[in-house]
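**Student:** structure here, sequence nowhere to be found:
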């Protein structure tokens, strides 16, 4: 069932309207018994029946799978205000004590809706209440001094209408402001819960990575020793011209590379925040980003750095996060396509932008970007952790990372963080 932004569902409003129909019917029957022939119940029951049929239409609409917007809720509340105005018109107008129910609709509009809808419904209530002073079916038993039959609009009635308008405006403004604050708080709590969930996943990944690094250290050491012995045996047998020494050297080089990767995995991902802050110049960051990039891909990277330095930063952590983003961009861009890396300073933050010329992402893929272990690469080509760790690093700095993309127009990744004064 669709839910309005305020958290009050249309299903809840449906039940409330059924209760209102039953209450109005009971009030009409009791009033008829008390007022006798002064009150004509036929038009009142017609209006209540109309409200019941509109609620049946709302129930039928909510059974459809397509979503509903705030306009439906606004129209329903507007119809209820008009029906209430009709009921009051046939039962004494502004002299009817049930005119206070207008404020219920104003409050509901302020709580459930926001912006122009809430103020429009408030204005509709004020207008309906004001018209009842001029046009109504007079009920003598409900009238009292300055309320009925006198001809003209007395100062007392003007004061009643002004007081109602002020009250409705204050309710709309105050309740709307409180509701806005509650919405903002809910959004902040949801963002905090999402951040805590990512931090928990990151802690689990760190534990797993440390365990993997520990378990693989011994077999990698054995492979390195075996490769070294193989190279020595080849040299002793005079097999200098064969491929065995080169293969053994390649194995040892790859083992060393695996050890470096495992050392990085074994480090806590938040260690970058514990490392010393250093004054980082952009050319230094560029050198860090080029580390490990294949020679044929280095020429595809275009850097655009501002003249002023970056300031105090955990250099190793920033380079590690951006390397993952740049690596994804290079893989997404078909050779000889270019990947642009640029930085700019805002009022109080730095922003680095990585723009590729790849095929872009669909809306479905873009919605899941940054989830751990989610990757569009072929199996075995990646773990889907690069953007997740980069976003986590940015959030730990008090910044953010966001991705914009569309099919056929490439992908842009932006990482922003607060500017730290130079040490």
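**Tutor:** Received it, and whenever you're ready, just let me know what you need. What you are looking at is a predicted structure, and each value in this text was computed from that prediction instead of being measured. Numbering: from 1, shown residues only.

**Student:** tell me what the particular helix or strand that has residue 194 in it is packed against?
**Tutor:** In the assignment (DSSP states H and E), residue 194 maps to helix 155-236. Contacting helix 155-236 under the criterion 3 or more C-beta pairs under 8 Å, 6 or more residues apart in numbering; DSSP states H and E are the following elements: helix 101-112, helix 116-131, helix 244-266, helix 386-396. C-beta coordinates here come from the backbone N, C-alpha and C atoms, glycine included.

**Student:** ok now it, how far from the chain's centre?
**Tutor:** 12 Å (C-alpha atoms, centre = their mean, to the nearest Å).

**Student:** again with stretch 128-148
**Tutor:** Computed by C-alpha atoms, centre = their mean, the chain-centroid distance of stretch 128-148 equals 49 Å.

**Student:** pull the residues that contact it.
**Tutor:** 34-35, 38-40, 81-82, 84-85, 88-97, 99, 102, 149, 153-154, 156-157, 161, 164-165 (C-beta atoms under 8 Å, 6 or more residues apart in numbering).

**Student:** just the buried ones from the residues you listed, in ChimeraX syntax?
**Tutor:** Here is the ChimeraX command that picks out the buried ones among these, judged by 16 or more other C-beta atoms under 10 Å:
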select :35,38,39,81,84,85,88,89,90,91,92,93,94,95,96,99,102,157,161,164,165
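
**Student:** from the contacts of stretch 128-148, which land in helices?
**Tutor:** 34-35, 81-82, 84-85, 88-89, 102, 156-157, 161, 164-165 (DSSP state H).

**Student:** now for these: which two are most distant?
**Tutor:** 34 and 165 (30.5 Å; C-beta to C-beta).

**Student:** the helix or strand encompassing residue 72 vs helix 101-112, what angle?
**Tutor:** If you go by DSSP H and E, residue 72 is part of helix 70-89. Compare the direction of helix 70-89 with that of helix 101-112 by axes from the mean of the first three to the mean of the last three C-alpha atoms, to 10 degrees and you get 170 degrees.

**Student:** average model confidence for helix 70-89?
**Tutor:** When the per-residue pLDDT values of helix 70-89 are averaged, the result is 88.

**Student:** just to revisit the earlier point, CSV for the ones in helices among the contacts of stretch 128-148, including distance to residue 357?
**Tutor:** Shown next, in CSV, are the ones in helices among the contacts of stretch 128-148 (distance: C-beta to C-beta, whole Å):
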residue, distance to residue 357
34, 80
35, 79
81, 56
82, 57
84, 61
85, 61
88, 66
89, 67
102, 60
156, 75
157, 72
161, 65
164, 63
165, 60
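
**Student:** which one of the residues you listed is nearest residue 116?
**Tutor:** Each of the ones in helices among the contacts of stretch 128-148 was scored against residue 116 by C-beta to C-beta, and residue 81 proved nearest at 15.5 Å.

**Student:** that closest one is in contact with residue 104, isn't it?
**Tutor:** No. Contact between residue 81 and residue 104 fails when scored by C-beta atoms under 8 Å: they sit 10.1 Å apart.

**Student:** where does the chain dip in pLDDT?
**Tutor:** 1-9, 67-68, 115, 143-157, 198-199, 201-214, 239-241, 260-276, 378-384, 420-423 (pLDDT under 70).

**Student:** distance-wise, check residue 369 relative to residue 403.
**Tutor:** 5 Å (C-beta to C-beta, to the nearest Å).

**Student:** equivalent analysis for residue 110, please.
**Tutor:** The gap separating residue 110 from residue 403 is 37 Å, by C-beta to C-beta.

**Student:** what about residue 277, how many residues close to it?
**Tutor:** Applying other C-beta atoms under 10 Å, we find 14 other residues in the vicinity of residue 277.

**Student:** and for the one 5 residues further on?
**Tutor:** Counted with other C-beta under 10 Å, residues neighbouring residue 282 total 18.

**Student:** and the nearest residue to it once chain neighbours are set aside, what are its phi and psi?
**Tutor:** The shortest distance from residue 282 to any non-neighbouring residue, by C-beta to C-beta, 6 or more residues apart in numbering, is to residue 305 (3.6 Å). The phi/psi pair for residue 305 (degrees, to the nearest 10) reads phi -110, psi 150.

**Student:** and for residue 305, the neighbour number?
**Tutor:** For residue 305, the tally of surrounding residues (other C-beta under 10 Å) stands at 17.

**Student:** do the same with residue 233
**Tutor:** The local packing of residue 233 (other C-beta under 10 Å) involves 13 other residues.

**Student:** quick one: it from residue 242, how far?
**Tutor:** Distance, residue 233 to residue 242, by C-beta to C-beta: 11 Å.

**Student:** doesn't residue 359 lie inside a helix?
**Tutor:** No. Secondary structure assignment (DSSP: H, G, I helix; E, B strand; the rest coil) places residue 359 in coil, not in a helix.
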